[in-house]
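Trainee: Give me a model of this one.
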Amino acid sequence: MRRRSLHLWRTLARWTAISSGLSALLLFAAGTTQISSLRTYLVAFSIVLLVTMLAVDPQLARERANPGEEAIPSHLRFLAGGLFLLTLGSAAFFVGRTDFLAVPSLCRWFALTIFVASSSLQTWSMTANPFFSPVVRLQPERGHVLIDSGPYRFIRHPGYLAMFVSVPSSALAIGSWLALIPAAGFVTVILHRAGIEDRFLKSNLPGYAEYAQHVPSGLPLTRST
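Mentor: Residues are numbered from 1 along each chain as shown. Okay, the predicted model is just below:
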């Protein structure tokens, strides 16, 4: 009971730090707090983040906070993170400081709906897969096995698909077409990282190669097997 309470308080503290930090960054980039689409996006992001953080298994939360050594070292994880922040920051900057190539209001609401839906897919993926690590590695210390339930019944990479959709939709939900440029960079990195992970799992995770023969990747520009 005490451990569960401690985990809850740590989760809430991390959520507060992430939400407040991102809000401060985007409002500073926009130079104003008066952009309704930006405020709405930040509320939606914070709610989705809180639901996800509360829903995931505590062991997975610890793995994601302090992942083990990556089997295939790369800087793609950090590059994706940087492009994510650049996408949101540039969207806030352009929508707050210029009207150039602004997204119409109705399109912003539609994009926000897509963002929430794709983020919900990512939450589902993380709750279905207790090995949803931020690094490419096997987790034998946690009994790593093939996951083919939840969204993994239909596609191999629902988490990557969610990110593929959510970041470009974030740019539009905030209100800037120009922010799709760094979003395209993020999408490219995600596709590359998914390919690396797919090849690694086929070679190292028992049952994954056979699973990949029957379940599509779910990502564009990638082969089904």
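Trainee: Name the next helix or strand following the worst-scoring helix or strand of the chain on mean pLDDT along the chain.
Mentor: When the helices and strands of the chain are scored by mean pLDDT, DSSP states H and E, helix 58-65 comes last with a mean of 85. Downstream of helix 58-65, the first helix or strand assigned by DSSP states H and E is helix 76-97.
Trainee: Of all the residues in that next one, which ones are buried?
Mentor: Applying a neighbour-count criterion of 16 or more other CB atoms under 10 Å, the buried positions in helix 76-97 are 76, 79-80, 83-96. Every C-beta, even on glycine, is put in place using the N, C-alpha and C of the backbone.
Trainee: Equivalent analysis for stretch 40-47, please.
Mentor: In stretch 40-47, counting by 16+ other CB under 10 Å, buried: 41, 42, 44, 45, 46.
Trainee: would you list these in JSON lines and tack on secondary structure?
Mentor: Listed next are the buried residues of stretch 40-47 as JSON lines, based on DSSP: H, G, I helix; E, B strand; the rest coil:
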{"residue": "41", "secondary structure": "helix"}
{"residue": "42", "secondary structure": "helix"}
{"residue": "44", "secondary structure": "helix"}
{"residue": "45", "secondary structure": "helix"}
{"residue": "46", "secondary structure": "helix"}
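Trainee: Closest one of the residues you listed to residue 170?
Mentor: Nearest to residue 170, judged by CB to CB, of the buried residues of stretch 40-47 is residue 41 at 6.8 Å.
Trainee: Cross-check the contact I'm expecting between that closest one and residue 176.
Mentor: No - using CB atoms under 8 Å, residue 41 makes no contact with residue 176, being 11.4 Å away.
Trainee: quick one: the helices in the protein?
Mentor: 2-30, 36-55, 58-65, 76-97, 105-128, 158-174, 180-204, 208-214 (DSSP state H).
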